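Enquirer: Test case, fold it:
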Amino acid sequence: MDLKKEKINIILIATSIVLFFTYIFSFTNFSSTDKRKLVKTALVNNKYIDSINRFELSQGEQKITLSKEKAGGGDVWFILAENNTKILPADKELVNNFLFKLTKIVNMYKISDKISQNNSFGLTDSSTFCLKYYFSDSEFQQIYFGNLDFSNSFRYLMSGKTTTVYQVENTIDTFLNTKIQFWAEPNIISKQIINISPDSIQKITLSSSNHSKTYNSNTENFYQKCFDLLNLRHGGIPTTLKTQNTTPTLTIYLENGDKTSLYINFIIQDENITLETTYNLNTKKIATYSKISKWTYNQILKIFNFKN
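Expert: Purely as a prediction, here's the structure:
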């Protein structure tokens, strides 16, 4: 009986060793036997990156669109609604990192000259992730991202111009995301659209249907109030952008030191609190839309000791 158990253990150990080395060798690049064609290239040529003024990320029915516009003395990326209305500014650092990754030289292997109907690449079904980037309203390029390979180190890819399938290092997986909260600048007041800090704010006025109250540098703890306001975060896009003919429950008007200003209308409908923020810049006006929680709304009232 013991001899039989010993034989079984030896077989199990031998099998485990074979499987282990098979796994290790599957990740080893034997250049002498690897028939794949290696291409070292960037997904987007670096010389074109500044010309990109819009990009769309989509997967199945999920899609997000970002568009670049001049504001606040520089380029600002905005998240757009389906009707191309600007909703929220995107996180500038995140977008720049994404564009940088697109221009980074990566290893790409040619897998097939033509994609077949029955394939495991994930490039022809609802799981396909599409990046569409524009140089103008009519000039654009597309890249399709499919499944990860068995090593999870490479992703299948196909350009919109051809049916050639490649494997590419999955260096941009983090950015294959269609969620607004992922791309949006998180703060209620955008520091990209308007050049603002606690030191630059000259005056803040809170108004409701009952009364109004103004705060300035003579107000106790004015700097701290400004700091706390600028660090509050929104909760994404509102359920509706239809705020016309709706009386705001609260309005915040803010004057900045560079002669710019903004006002925020707080529109409360049932449990939904929509923020319509209008930035009065020296050359233009920009409106954005977001939502906040009841907790955040109460925090604003608490910061300014304002009884609505």
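Enquirer: residue ranges of the helices in the stretch 201-308 of the chain, please?
Expert: 222-230, 294-303 (DSSP state H, counting those that start in this stretch).
Enquirer: buried stuff in the shortest one?
Expert: Put plainly, it is helix 222-230. Going by neighbour count (16 or more other CB atoms under 10 Å), the buried part of helix 222-230 is 222, 225-226, 228-230. Any C-beta I mention is one placed from the backbone N, CA and C, and that applies to glycine too.
Enquirer: Quick one: distance of that helix to the chain centre.
Expert: Centre-to-centre, helix 222-230 and its host chain are 27 Å apart (CA atoms, centre = their mean, to the nearest Å).
Enquirer: and the chain, what are its domains?
Expert: 38-182, 188-303 (automatic domain parsing).
Enquirer: can you put those domains in a markdown table and add mean pLDDT?
Expert: Listed next are the domains of the chain as a markdown table, based on pLDDT from 0 to 100:
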| stretch | mean pLDDT |
| --- | --- |
| domain 38-182 | 90 |
| domain 188-303 | 93 |
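Enquirer: of the buried residues of helix 222-230, closest to residue 180?
Expert: residue 230 (21.1 Å; CB to CB).
Enquirer: List the residues that contact the closest one.
Expert: By CB atoms under 8 Å, 6 or more residues apart in numbering, residue 230 lies in contact with 187, 189, 191, 196-198.
Enquirer: again, only using 10 Å
Expert: Applying CB atoms under 10 Å, 6 or more residues apart in numbering to residue 230 gives the contacts 187-191, 196-198, 201, 254.
Enquirer: Sketch out the strands for the stretch 51-200 of the chain, chain order is fine.
Expert: Along the stretch 51-200 of the chain, counting by DSSP state E, counting those that start in this stretch, strands occupy 54-59, 62-71, 74-80, 86-89, 106-112, 129-134, 140-148, 154-159, 165-169.
Enquirer: Next: the stretch 201-308 of the chain.
Expert: With DSSP E, counting those that start in this stretch as the criterion, the stretch 201-308 of the chain has strands spanning 201-207, 212-216, 250-256, 261-269, 272-280, 285-292.
Enquirer: Tell me which of the ones you listed lies nearest to residue 130.
Expert: strand 285-292 (26.0 Å).
Enquirer: Next, the angle from the closest one to strand 62-71.
Expert: 140 degrees (axes from the mean of the first three to the mean of the last three CA atoms, to 10 degrees).
Enquirer: Just checking: what are the partner strands of strand 285-292?
Expert: Partner strands for strand 285-292, per DSSP bridges, with pairing direction: strand 272-280 (antiparallel).
Enquirer: buried ones in the strand it pairs with?
Expert: Using 16+ other CB under 10 Å as the test for burial, strand 272-280 gives 273-277, 279-280.
Enquirer: could you check the angle helix 294-303 makes with it?
Expert: Using the same axes, to 10 degrees: strand 272-280 against helix 294-303 is 60 degrees.
Enquirer: what's around residue 201, how many residues?
Expert: Look at residue 201: counted by other CB atoms under 10 Å, it has 23 neighbours.
Enquirer: Nearest residue to it in space, ignoring adjacent ones along the chain?
Expert: residue 226 (4.7 Å; CB to CB, 6 or more residues apart in numbering).
Enquirer: Check residue 293 too.
Expert: residue 235 (5.7 Å).
Enquirer: circling back to that earlier point, quick one: which of the strands of the stretch 201-308 of the chain is nearest residue 308?
Expert: Checking the strands of the stretch 201-308 of the chain against residue 308 by CB to CB gives strand 250-256 as the closest, at 6.0 Å.
Enquirer: tilt between that closest one and strand 261-269?
Expert: 170 degrees.
Enquirer: Paired strands for strand 250-256, with orientation please.
Expert: By DSSP bridges, strand 250-256 pairs with strand 201-207 (antiparallel), strand 261-269 (antiparallel).
Enquirer: how far out from the middle of the chain is the last one?
Expert: So that's strand 261-269. On CA atoms, centre = their mean, the centre of strand 261-269 falls 24 Å from the chain's centre.
Enquirer: one step back: is it possible to get the helices of the stretch 201-308 of the chain out as JSON lines so that each row also shows distance to residue 171?
Expert: Formatted as JSON lines, the helices of the stretch 201-308 of the chain follow (distance: least, CB to CB, whole Å):
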{"stretch": "helix 222-230", "distance to residue 171": "34"}
{"stretch": "helix 294-303", "distance to residue 171": "36"}
